[in-house]
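Peer 1: Okay, sequence plus prediction incoming.
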Amino acid sequence: MLRTAARALVPGIGVPWARWSWSGAGVQVHVVDLRSDTVTRPGPAMRRAMAEAVVGDDDYGEDPTVRELQEKAAELLGVERTLFVPTNTMANLISVMGHCRRRGSQLLLGQECHLHVYEQGGVAQIAGVHSHALPDLPHGTLDLHELERAITRGVGNPYHPVCELVCLENTHSSSGGRVLPIDYLRQVHHLAHTHGARVHLDGARLMNAAVALRVPPARLVQYCDSVSFCFSKGLGAPVGALVGGSKDFIEEAWRLRKALGGGMRQAGVLAAAALVGLAEAEEVLLRDHQNAQRFATGLQELASPMCSVDAATVETNMVLVHVDGLSPAELCRRLQAVSAEEVAQTGHAVRVLLFPWTERSVRVVWHRDISPRDTELALRKWEFVLRQSGL
Ligand SMILES: Cc1ncc(COP(=O)(O)O)c(C=O)c1O
């Protein structure tokens, strides 16, 4: 038994992403993957729907399952049309290209938002759009005075690019899944439109925001000119996102998707998974939010000087843990390692998978493959690591 393996840390020999793996000493290791809500794998209902999907050539507009998804999503988001695309990155890029049609267009956005940091600068590389990034406030919003100053700066001045678009992100990932207030969305829309600009919403996790506020998603889209929406995060589908907007905007989006190589053929197998994700979204996301809240409260109760969390800022499926006394990378390594002492002291061998988020924090993300029991096991593992670290 592992208990005899002295104090050595025993790395598992199973694949780290498996739910269960085996430690070298024959103890079953329970894996809790809290890196992101993109790591979900389709369950039996989703796989069945994919296998049974009625399909056609979607590039000819002939895939009934894609059409069904697009129509259902348009209704849910309160927009005239939607267009199914492979990724949320492509949905964002298509939206920016659809709004910023002249050379020298400027885009305003938060400096930590996904579109600015993690999408290969596609808006510059491919769309030729100049981004002006503003500091994000701690709850994922932009300062409205700063925003107004940035929008109006180029007005009538031939030296400056012209601001055509403001991009927001809801929920706001880098601030820990914070939900943008509806009144803030209204004010940004008013400001942008007053100065001839449009608003695009990166709604990769829009359903999380809607569930957290207990409002229909359409209420969060009403102040935007376009929206992206992702099926492969909390909704659990393997692939897929969409762009939503007016009929004219989506007609143009169709051309842009083609130009970017995103036109798909029998994509109904993917749309079928997205439809299952959509049908189950409310229930699944609510549970994810409850698990995140339970974890944050539990960690707060440990009152460790090494890891602090403000449970009041946990609004959706993410928890930002502030780390002191050792590096986030080292903390992640210890949470992933399994030792004989852990088994002796806790009765479990748990491997918690996480990434360092910033130099001082770790972001923990819940999703449909994480149960309340997994959450409890992750918390116990965290407690064990803190005690072992003497912090
Ligand atoms: C807020 C946000 N927007 C966009 C994306 C890009 O999504 P995709 O991986 O589908 O391109 C992500 C991915 O994690 C995201 O978190």
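Peer 2: Nice, thanks for sending it over.

Peer 1: can you list the residues of the stretch 201-350 of the chain near the ligand?
Peer 2: Applying Cβ under 6 Å from any ligand atom, we find that the stretch 201-350 of the chain lies next to the ligand at Asp202, Ala204, Cys230, Ser232, Ala241. C-beta here means a position set from N, CA and C on the backbone, and glycine is covered the same way.

Peer 1: now do 8 Å
Peer 2: Residues of the stretch 201-350 of the chain found near the ligand (Cβ under 8 Å from any ligand atom) are Asp202, Ala204, Arg205, Ser228, Cys230, Ser232, Lys233, Ala241.

Peer 1: Which two of those residues have the greatest separation?
Peer 2: Longest distance between any two of those is 14.3 Å, between Asp202 and Ser232; criterion Cβ to Cβ.

Peer 1: neighbour count winner among the two?
Peer 2: Asp202 (29 against 23; other Cβ atoms under 10 Å).

Peer 1: Contacts for the host helix or strand of that one, please.
Peer 2: Using DSSP states H and E, Asp202 sits in strand 198-203. Residues from elsewhere that reach strand 198-203 (Cβ atoms under 8 Å, 6 or more residues apart in numbering): 77, 88, 92, 95-96, 99, 113-115, 164-170, 185, 188-189, 192-193, 209, 217, 220-221, 223-230.

Peer 1: so of these, which ones are in strands?
Peer 2: The strands, defined by DSSP state E, take in Glu164, Leu165, Val166, Cys167, Leu168, Glu169, Ser226, Val227, Ser228, Phe229, Cys230 from those.

Peer 1: where's the closest residue to Arg81 other than its chain neighbours, which helix or strand?
Peer 2: Closest residue to Arg81 apart from its sequence neighbours, by Cβ to Cβ, 6 or more residues apart in numbering: Ile250 at 3.8 Å. Per DSSP H and E, Ile250 falls inside helix 247-259.

Peer 1: for the record, mean pLDDT for that helix?
Peer 2: The pLDDT scores in helix 247-259 average 98.

Peer 1: In terms of secondary structure, what does it contact?
Peer 2: For helix 247-259, the contact count by 3 or more Cβ pairs under 8 Å, 6 or more residues apart in numbering; DSSP states H and E identifies strand 81-85, helix 88-99, strand 241-245 as packing neighbours.

Peer 1: List the neighbouring strands of the last one plus their orientation.
Peer 2: This points to strand 241-245. In the sheet, strand 241-245 lines up against strand 81-85 (antiparallel), strand 226-230 (antiparallel) (DSSP bridges).

Peer 1: Redo those strands as JSON lines? Include mean neighbour count and mean pLDDT.
Peer 2: Shown next, in JSON lines, are the strands paired with strand 241-245 (neighbours: other Cβ atoms under 10 Å; pLDDT from 0 to 100):
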{"stretch": "strand 81-85", "mean neighbour count": "25", "mean pLDDT": "98"}
{"stretch": "strand 226-230", "mean neighbour count": "29", "mean pLDDT": "98"}
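
Peer 1: Leu134: which of these is closest?
Peer 2: Short answer: strand 226-230, nearest of these by Cβ to Cβ, at 19.8 Å.

Peer 1: Contacts for that closest one, please.
Peer 2: 73, 77, 79, 82, 87-88, 91-92, 95, 98-99, 198-207, 221, 240-245, 249.

Peer 1: Keeping just the C-alphas, turn it into PDB.
Peer 2: Below are the C-alpha coordinates for strand 226-230, written out as PDB (Å, rounded to 0.1, in the frame of the first residue of the first chain):
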ATOM      1  CA  SER A 226     -23.600  41.900 -31.700                       C
ATOM      2  CA  VAL A 227     -22.900  39.000 -29.400                       C
ATOM      3  CA  SER A 228     -20.700  35.900 -29.400                       C
ATOM      4  CA  PHE A 229     -21.800  32.800 -27.400                       C
ATOM      5  CA  CYS A 230     -19.900  29.600 -26.700                       C
END
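
Peer 1: That strand vs helix 88-99, what angle?
Peer 2: Calculated by axes from the mean of the first three to the mean of the last three Cα atoms, to 10 degrees, strand 226-230 forms an angle of 170 degrees with helix 88-99.

Peer 1: The stretch 51-200 of the chain: helices as residue ranges?
Peer 2: With DSSP state H, counting those that start in this stretch as the criterion, the stretch 51-200 of the chain has helices at 64-77, 88-99, 114-117, 122-125, 144-153, 182-194.

Peer 1: looking at the ones you listed, which is buried most?
Peer 2: Burial of the helices of the stretch 51-200 of the chain is given as mean neighbour count (mean count of other Cβ atoms under 10 Å); helix 88-99 ranks first at a mean of 26.

Peer 1: I'd like the average pLDDT over that helix.
Peer 2: Averaged across helix 88-99, pLDDT comes to 98.

Peer 1: related to what we said a few turns ago, next one: the residue nearest to Arg81 from Arg35, what distance?
Peer 2: The gap separating Ile250 from Arg35 is 33 Å, by Cβ to Cβ, to the nearest Å.
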